[in-house]
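Colleague: Provide a 3D model corresponding to the input given below.
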Amino acid sequence: MADDLFKALADRTRRTILDELTEKSGQTLFEICSRLSMKHQLGISRQAVSQHLAVLEAAGLVESRREGRYKFHDLNTAPLRQIAERWLAPDTSGPKENTP
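Modeller: Presented below is the predicted three-dimensional model:
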């Protein structure tokens, strides 16, 4: 799972998609494409964005849900927390003193 996560985060466009989903979760493919085009001047096709979303879904960073004929994409930060907990050791040194 960690390999998929790092592969997903390695691409700049996918990180930009995650940034957009952080700002507004629950976007359709059309909304994501529009925001990438207007805000970030990324001229990529809907198919390319769809493929990026598939990689993000495989890594668990994006979850999709269908409502009628629409498919909404939501950000899932749980995999990032798992990675952070894996390598960040708890601080057991106690309170730090301020010395001049």
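
Colleague: report the beta-bridge partners for the residue nearest to residue 76 when sequence neighbours are not counted.
Modeller: Counting by Cβ to Cβ, 6 or more residues apart in numbering, residue 63 is the residue found nearest to residue 76 once chain neighbours are left out, at 5.0 Å. Backbone N, C-alpha and C define where each C-beta goes, glycine included. Bridge pairing for residue 63 (DSSP bridges) gives the partners residue 74.

Colleague: surely residue 63 is in contact with residue 71?
Modeller: No: the pair residue 63 and residue 71 fails to qualify as a contact (Cβ atoms under 8 Å) at a distance of 10.9 Å.

Colleague: assign the most centrally placed residue in the chain to helix, strand or coil.
Modeller: Residue closest to the average C-alpha location in the chain (Cα atoms, centre = their mean): residue 18, at 3.4 Å. Taken by DSSP: H, G, I helix; E, B strand; the rest coil, the conformation at residue 18 corresponds to helix.

Colleague: where's it relative to residue 69, distance?
Modeller: 25 Å (Cβ to Cβ, to the nearest Å).

Colleague: so what touches stretch 54-68?
Modeller: With contacts defined as Cβ atoms under 8 Å, 6 or more residues apart in numbering, stretch 54-68 is touched by 1, 4-5, 7-9, 11, 14, 17-18, 21, 53, 71-80.

Colleague: one more: stretch 29-45?
Modeller: 13, 16-17, 20-21, 24, 27, 46, 49-50, 53, 71, 73.

Colleague: next, count neighbours for residue 61.
Modeller: Other residues lying near residue 61 total 23 when counted by other Cβ atoms under 10 Å.
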